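Enquirer: turn this into a model:
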Amino acid sequence: QLQLVESGGGLVQPGGSLRLSCAGSGNSLTYYAIGWFRQAPGKEREAVSCISTNDENTYYADSVKGRFTISRDRAKNTVHLQMTRLDPEDTAVYYCAAAYLDSVVVVAPGVYDYWGQGTQVTVSS
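Expert: Numbering: from 1, shown residues only. Okay, here's the model as predicted:
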């Protein structure tokens, strides 16, 4: 059974950076498309960024393009989300998720099989 644990959230000032990590255990993340999602109070969960099993395909929401970068560290069985130029609108709980699908990116939350517990990101001065 795959388990996912997010880390790296916290409080950051506008314009700052954070790197979120999604560590997998119980199975290799190599077999899974990985997505980062976020949910702000009163809003629906939205896809932020996704990466395919072969790392060749990625997705970024328009609101984060050019600011966020998703990457996979196969040696550490971890997927990172580097977030730069953070804005108060980025404040949310961030979740990583895994879908047992090969070579595609997936943005629909319902397709994902496994979810982490979430990590809070707060952007505020």
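
Enquirer: hang on, isn't Y60 packed against I51?
Expert: No: with contacts counted by CB atoms under 8 Å, Y60 stays clear of I51, the gap being 10.1 Å. (C-beta placed from N, C-alpha, C; glycine too.)

Enquirer: these two: which is more packed in?
Expert: Using other CB atoms under 10 Å, the more surrounded residue of Y60 and I51 is I51, with 23 against 18.

Enquirer: what residues are up against the most centrally placed residue in the chain?
Expert: Nearest to the geometric centre of the chain sits W36, at 2.3 Å (CA atoms, centre = their mean). Contact analysis of W36 by CB atoms under 8 Å, 6 or more residues apart in numbering lists 20, 22, 47-50, 70, 79, 81, 94-97.

Enquirer: three-state assignment of it?
Expert: Three-state call for W36 (DSSP: H, G, I helix; E, B strand; the rest coil): strand.

Enquirer: now it: how far from L86?
Expert: W36 sits 14 Å away from L86, going by CB to CB, to the nearest Å.

Enquirer: if we can go back for a sec, out of the contacts of W36, which comes closest to S103?
Expert: S103 has its nearest neighbour among the contacts of W36 in C50, at 12.2 Å by CB to CB.
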